[in-house]
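Trainee: With the sequence up front, the predicted model follows.
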Amino acid sequence: MAYTTIDDPGQFFQVKIYTGDGNDDRDIAFGGENALQPDTIWFKQRGSDSDHFIHNSVGGTSNYFKVNQINGEFTDGADTLQAFNSDGFQLGTSGSWNGNSGTFVAWCWKKSSTSGHDVLEFTGNASSNQTVSHSCGAVPGWFMIKRQDQNSNWCLYHSKLGGPNKNLFINTTNSVQTDTGIFNNTDPTSSVFSVGNNADSNGNGATHTNFLWAPIKGYSKFGVYTGNNSNDGNYVHLGFRPAWLMVKDSASGQSWHVIDSKREPGNDDDAAHLIPNSSNTEAQAKSNRGTAKIDFLANGFKIRSDGSLLNGTGTMIYMAFAEAPFVNSNGVPANAR
């Protein structure tokens, strides 16, 4: 039996590091073997205190959300993202996307039932039983809904939180909460997700955007581990070497943390975390949190520090995407190719 259906994760997800130059019509290409036209791009300036910006191909290039804020959709982005290119993206002159000499990261996903990613818009009706179709091709393990027209929290579903009446807000440090009205106390299926009568997830007459991901063996995994508050922390099996990892202590008021293999390729420091619920730079994030070390391994990741950020005594949720599968679709170890 094939271990994965995706031998090369770079066809569907890539991390791009770039330095801004302030010029208009700036094309940023991934290069290499894979041409990836992204549908979801999450931007963050690494060295300056700035928001997290997320664009999607359904909403269009000039519309965006701030992941760390409650604001509705911004529609003033003519000089921000200007195009989803066939191998990357095009930027305008805005300093928060392309400031001269600024350092930036862009996390980029392609919509596909093969990779389990969809992004869509739907109109809320404030009912307690609305279902909406999606095209993930499998049951989503993680999705996040944002209302477009007014301030609202980002409503995040994770399949391992303890039931569909549980949710988190990615724009806050809040611990997991119980609310049957957000997802109608109903788990998603391979074809639909459900929303209830909560105004943030299903506001009457309001347009909402939903970013969805289904777990794909050897490419993505959304799970949990229990911290042991030790420098010899947990090893978490993924079935692939991670390219990107987001972690949150679901039971405490700690921040979200994102680590990727491009900004931190050597597993020898813990400086390159970014915090989705904060505008902090990498340096500010390190200063504010203390030590939070983690190793990316060929088949998962290993926690190397204690503390509730990555390794408290509670339930830690994670979302991970692959740099390379441990074993490819022909049953051959990826490092033997």
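Mentor: Sure, I can see it. What you see is a predicted model, and the numbers here were worked out from it, not measured in a lab.

Trainee: any idea which helix or strand comes after the helix or strand harbouring residue 286?
Mentor: Secondary structure assignment for residue 286, by DSSP states H and E: helix 282-289. Using DSSP H and E, the next helix or strand after helix 282-289 towards the C-terminus is strand 294-297.

Trainee: helices or strands next to that next one in the packing?
Mentor: The helices and strands touching strand 294-297, judged by 3 or more CB pairs under 8 Å, 6 or more residues apart in numbering; DSSP states H and E, are strand 240-249, strand 300-303. All C-beta atoms are positioned from the backbone trio N, CA, C, and that covers glycine.

Trainee: tell me the average confidence for it?
Mentor: What strand 294-297 shows for mean pLDDT is 91.

Trainee: what sits against residue 223?
Mentor: The contact partners of residue 223, taken as CB atoms under 8 Å, 6 or more residues apart in numbering, are 160, 236, 317-318.

Trainee: I'd like those residues laid out as a markdown table, including distance to residue 43 and pLDDT.
Mentor: Shown next, in a markdown table, are those (distance: CB to CB, whole Å; pLDDT from 0 to 100):
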| residue | distance to residue 43 | pLDDT |
| --- | --- | --- |
| 160 | 28 | 97 |
| 236 | 27 | 96 |
| 317 | 23 | 95 |
| 318 | 22 | 97 |
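
Trainee: quick one: which of the residues you listed is nearest to residue 25?
Mentor: Ranked by distance to residue 25 (CB to CB), the contacts of residue 223 are led by residue 318 at 37.5 Å.

Trainee: okay, the helices and strands packed on strand 294-297, which one's buried deepest?
Mentor: Comparing the helices and strands packed on strand 294-297 by mean neighbour count (mean count of other CB atoms under 10 Å), strand 240-249 ranks first with a mean of 24.

Trainee: And that strand, how far out from the chain middle?
Mentor: Averaged C-alpha coordinates place strand 240-249 at 9 Å from its chain's average position (CA atoms, centre = their mean, to the nearest Å).

Trainee: Which elements pack onto that strand?
Mentor: Using 3+ CB pairs under 8 Å, 6+ apart, strand 240-249 sits against strand 13-19, strand 257-260, strand 294-297, strand 300-303, strand 315-325.

Trainee: how about the ones you listed, which one is nearest residue 210?
Mentor: strand 315-325 (15.3 Å).

Trainee: Adjacent strands (with direction) for the closest one?
Mentor: If you go by DSSP bridges, strand 315-325 pairs up with strand 220-226 (antiparallel), strand 240-249 (antiparallel).

Trainee: from what I can see residue 189 touches residue 139, true?
Mentor: Yes - here residue 189 reaches residue 139: they are 6.1 Å apart, a contact under CB atoms under 8 Å.

Trainee: what residues do the two have in common as contacts?
Mentor: Between them, residue 189 and residue 139 share no contacting residue, judged by CB under 8 Å, 6+ apart.

Trainee: Relative to residue 97, which of the helices and strands packed on strand 240-249 is closest?
Mentor: strand 13-19 (10.0 Å).

Trainee: Please identify the pairing partners of the closest one and their relative orientation?
Mentor: Using DSSP bridges, the strands paired with strand 13-19 are strand 103-109 (antiparallel).

Trainee: Helix or strand next in line after the strand it pairs with, which one?
Mentor: The helix or strand immediately downstream of strand 103-109 is strand 117-123, counting by DSSP H and E.

Trainee: roughly how far is that next one from the heart of the chain?
Mentor: Using CA atoms, centre = their mean, the offset of strand 117-123 from its chain centre is 15 Å.

Trainee: List the buried residues of it.
Mentor: Of the residues in strand 117-123, 117-120, 122 count as buried by neighbour count, 16 or more other CB atoms under 10 Å.

Trainee: tell me what it is packed against?
Mentor: strand 207-213.

Trainee: domain assignment for the protein?
Mentor: 9-109, 117-213, 221-328 (automatic domain parsing).

Trainee: In the protein, where is pLDDT below threshold?
Mentor: 1-3, 33, 266-271, 287-291, 308, 330-337 (pLDDT under 70).

Trainee: go again using 80 as the cut-off
Mentor: 1-4, 32-34, 265-271, 286-292, 305-309, 312-313, 326-337 (pLDDT under 80).

Trainee: one step back: can I get the contacts of residue 223 in a markdown table with distance to residue 223?
Mentor: Below are the contacts of residue 223 laid out as a markdown table (distance: CB to CB, whole Å):
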| residue | distance to residue 223 |
| --- | --- |
| 160 | 6 |
| 236 | 7 |
| 317 | 7 |
| 318 | 6 |
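
Trainee: looking at the helices and strands packed on strand 294-297, which is closest to residue 322?
Mentor: Taking the helices and strands packed on strand 294-297 one by one with CB to CB, strand 240-249 is closest: 3.7 Å.

Trainee: pull the CA atoms of the closest one into PDB?
Mentor: Included here for strand 240-249 are C-alpha records, laid out as PDB according to Å, rounded to 0.1, in the frame of the first residue of the first chain:
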ATOM      1  CA  PHE A 240       7.100  13.100   7.000                       C
ATOM      2  CA  ARG A 241       9.800  15.700   7.700                       C
ATOM      3  CA  PRO A 242       7.800  18.900   8.500                       C
ATOM      4  CA  ALA A 243       8.200  22.100   6.500                       C
ATOM      5  CA  TRP A 244       5.800  24.100   8.600                       C
ATOM      6  CA  LEU A 245       4.300  23.600  12.100                       C
ATOM      7  CA  MET A 246       1.800  25.500  14.100                       C
ATOM      8  CA  VAL A 247       1.400  24.600  17.800                       C
ATOM      9  CA  LYS A 248      -1.000  25.900  20.600                       C
ATOM     10  CA  ASP A 249      -1.400  24.800  24.200                       C
END
